[in-house]
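Q: Structure for the following, please:
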Amino acid sequence: MTERLHVDIQMRFSDLDAYGHVNNVAVLRFLEDARVQVFWTGDAFHDGGHTVAPYPTAVLDSKAGEGTLTLLAHQEIEYLQPIPPMRAPVDVQMWFGPIGGASLKAYYEVHSPVSSPEDITYARAETTLVLVDAATGKPRRVTAEERAAWEPFIGEPIRFRR
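A: Coordinates of the predicted model:
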């Protein structure tokens, strides 16, 4: 099995809906939060007051005004079961699919916290990301550095139930 990146995402009270579980839109935010941590460098990531070391895949510069945007071209999510309220962060597991000239696929599974006695998969998703030059608004090529950072995490695609 391909090595996966594990990103802890803390649930907020506002993520819950009237049914007492995490709202579907909040799950998409969990994916976004994981994606930002996995792709973007910078010292904006803190955990309990100390800076967290960047993921080995964090090779895009996160400073304002830098040259690359990552735009979503496609996103698909499959909800497997409701996520109940919990204090421990959910474990968002990420890996990648094919890396094209200017795009790549990111795969995700949202799991119960690593401290849970049982590993429960709540959702799985796939996004197609396009790297865009911020100045021109046009897709730009994946660099050799980016490809080298992301290739060790390339694995099998998500198998949706449909």
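
Q: alpha carbons only for contacts and neighbour counts from here, please
A: OK.

Q: Let me know the pLDDT of the residue positioned nearest the centre of the chain.
A: Nearest residue to the geometric centre of the chain (C-alpha atoms, centre = their mean): Arg35, 2.9 Å. At Arg35, the model reports a pLDDT of 95.

Q: Likewise for Pro54?
A: pLDDT, Pro54: 80.

Q: That one against Val36, yeah?
A: No. Shown here, Pro54 and Val36 do not form a contact pair, counting by C-alpha atoms under 8 Å, at 10.8 Å.

Q: quick one: stretch 151-161 to chain centroid distance?
A: 13 Å (C-alpha atoms, centre = their mean, to the nearest Å).

Q: mean confidence score for that stretch?
A: For stretch 151-161, the mean pLDDT works out to 95.

Q: which of the residues in that stretch are buried?
A: Within stretch 151-161, the residues that qualify as buried are Phe153, Ile154, Gly155, Pro157, Ile158, counting by 16 or more other C-alpha atoms under 10 Å.
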